[in-house]
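J.: here is my input, please return the structure:
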Amino acid sequence: MIIRWLNEAMSVTVFIQGRNGVTRWQPSKRWLLLPIILMATGTGIYQYSTERFANQQAKVDENKQLRQQQKQQVVELKTATETQLTTLVVHVAKMQAKITRLEALGQQVAQNNLLDDQFDFSTEVGIGGLSEIGNGVELSQLIDEMNELASRIDNNNVQLSLLETVASNLHIDEERFISGRPIDKGWLSSSYGLRNDPFNGRRTMHKGIDFAGKEGTDVTATAAGVVTWSGRMSGYGELVEIDHGNGLRTRYGHNKSLSVNVGDVVAKGDKIASMGSTGRSTGPHVHYEVLRGKQQIDPQKYVYRKAS
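T.: Next up, the predicted model:
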């Protein structure tokens, strides 16, 4: 085959040698454009394939990087979870130790108040209700232990609250129990009953007992109660009166100064006044009375009886 280019006419003549001789073929311009079109198409396909491959490779690299990041996040999450579990285990151990001490303390308080037969801190409070427990893993076991600790805390709180109420009532009863002297230092200078009046010598009824001592000595409440009088009263001078409930009151007279006001709640042994000689008195002392209802009774049996 012989190809001859005719530049002037921009044409191509093809001579084909065959058995029958030479055949002359001159293609049209469309045939001449075909190779160019094929080359352009091939170039375009190659560029498209190259870009597509590059894009796919970029996506693969991006996915690899994303998986690597996810793997790192999983490792960090696992590490953080293990750290948190370790912290929780330590926290649970501390809670168990504290609860053990709390139970021991509650039991000791119950024994001290002679209530150990009523309060058992080693057993659960009676409660009911159905619950389902699934297959345990380490975390769920830890959660179960924490729930058990919370239940023990609730149990202890209930029992301690009841114990506090009972002990408080016992303490109140003990505090309201009138006993002892209204002073720490001093002596009995006049008993309850008939005596010769120190001012006129006549035989009169002394409706309390007198404790003499040094001026300014503390005068204390012989039982807990509420102050119903704090001020001057005829004959008594500066007087404090305390209501102890159950119809019982005590009076403390001839004080130099008063330390409480009406409405104050005082405990057994609280200072309520300072010893003096106000009112109808011959010297520093405290005139002490016990009243049942409106009637004075002999305080001596309360002074010398043992505290409850």
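
J.: in this protein, where is pLDDT below threshold?
T.: Within the chain, the set of residues satisfying pLDDT under 70 comprises 1-34, 91, 97-140, 142, 149-176, 306-308.

J.: check the gap between residue 278 and residue 187 for me.
T.: The spacing between residue 278 and residue 187, counted by C-beta to C-beta, to the nearest Å, is 20 Å. (Each C-beta comes from the backbone N, C-alpha and C, glycine too.)

J.: so which strand or helix has residue 279?
T.: Element membership for residue 279, per DSSP states H and E: none, as it lies in no helix or strand.

J.: just want the phi and psi numbers for it.
T.: phi 80, psi -150 (degrees, to the nearest 10).

J.: OK, contacts around it?
T.: Residue 279 makes contacts with 232, 233, 234, 235, 236, 237, 238, 239, 253, 254, as judged by C-beta atoms under 8 Å, 6 or more residues apart in numbering.

J.: just give me the neighbour total for the closest residue to it other than its chain neighbours.
T.: The spatially closest residue to residue 279, leaving aside those adjacent along the chain, is residue 237, at 2.5 Å (C-beta to C-beta, 6 or more residues apart in numbering). A count of neighbours around residue 237, defined by other C-beta atoms under 10 Å, yields 18.

J.: which SSE is residue 88 in?
T.: Under the criterion of DSSP H and E, residue 88 resides in helix 29-112.

J.: what sits against residue 257?
T.: 238, 273, 274, 276.

J.: the third one and residue 217, how far apart?
T.: Residue 274 sits at a distance of 7 Å from residue 217 (criterion: C-beta to C-beta).

J.: check the second one too.
T.: If you measure residue 273 against residue 217 using C-beta to C-beta, the figure is 10 Å.

J.: more neighbours, those two?
T.: Legend: neighbour count by other C-beta under 10 Å for residue 273 and residue 217, higher for residue 273 (25 against 22).

J.: in the stretch 101-250 of the chain, what residue spans correspond to helices?
T.: In the stretch 101-250 of the chain, the helices defined using DSSP state H, counting those that start in this stretch lie at 138-176.

J.: got the domain boundaries for this structure?
T.: Residue ranges for the structural domains of the chain, counted by automatic domain parsing, are given in the record as 2-72, 76-176, 187-303.

J.: for the nearest residue to residue 198 once chain neighbours are set aside, helix, strand, or coil?
T.: Among residues not flanking residue 198 along the chain, residue 282 sits closest, at 5.3 Å (C-beta to C-beta, 6+ apart). Here residue 282 is recorded as coil under DSSP: H, G, I helix; E, B strand; the rest coil.
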